[in-house]
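Trainee: starting from these lines, generate the structure:
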Amino acid sequence: MSIDHGWNGHIEIGSSVKQTSELPQITEWTLDMTMDALEHTNFGSTYDRQFQSGMRNAVASFSGYSEDSDNTQDYLLDNFTASTGPRATTGMHVILLTNNTTAVKAGYKGNAVLTGLTRGATPDGLQTFSGTFQFANGVTTYSSA
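Mentor: Below is the predicted model:
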């Protein structure tokens, strides 16, 4: 059994899979996938409750360092600061890559809305950048191979 290393992970965002830009300076990302458990226990059942699968949900979070000259980070920031309102209200295509080499890209993809963005500064002077994506219609596996 091999262990997957995370050092080659990336996030790409854009209007479609073919038109994505890398979100630079990201140091980590997580993908939380959940599914509701719906109880369907009825009268006369055994002493154990009965459940079935329900609705699925996927949320991704990321963190890294702020880069002043990056258009992709600025695009995400504009969703919260633009006087005309959010630019990506219908969502953007997000690809969370677990493998990003010249030969193959692999990971997860889906349409998502940016639901949170945090900027900060640390004592050493590095500015931080983090956020959260809420996926609509779930996520699927992705491979460019």
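
Trainee: show me the contacts for the residue nearest the centre of the chain.
Mentor: In the chain, the residue lying closest to the centroid (Cα atoms, centre = their mean) is Ala60, at 3.2 Å. Ala60 makes contact with Trp29, Thr30, Leu31, Asp32, Val94, Leu96, Ala112, Thr132, Phe133, Phe135 under the criterion Cβ atoms under 8 Å, 6 or more residues apart in numbering. Backbone N, C-alpha and C define where each C-beta goes, glycine included.

Trainee: low-confidence ranges, this structure, go.
Mentor: Within the chain, the stretches with pLDDT under 70 are 1-7, 16-18, 82-90.

Trainee: could you pull out the strands in it for me?
Mentor: 10-16, 19-22, 26-39, 51-65, 92-100, 105-121, 127-143 (DSSP state E).

Trainee: what would those look like in TSV with distance to Ser45?
Mentor: Listed next are the strands of the chain as TSV, based on distance: least, Cβ to Cβ, whole Å:
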stretch	distance to Ser45
strand 10-16	46
strand 19-22	49
strand 26-39	10
strand 51-65	12
strand 92-100	41
strand 105-121	37
strand 127-143	31
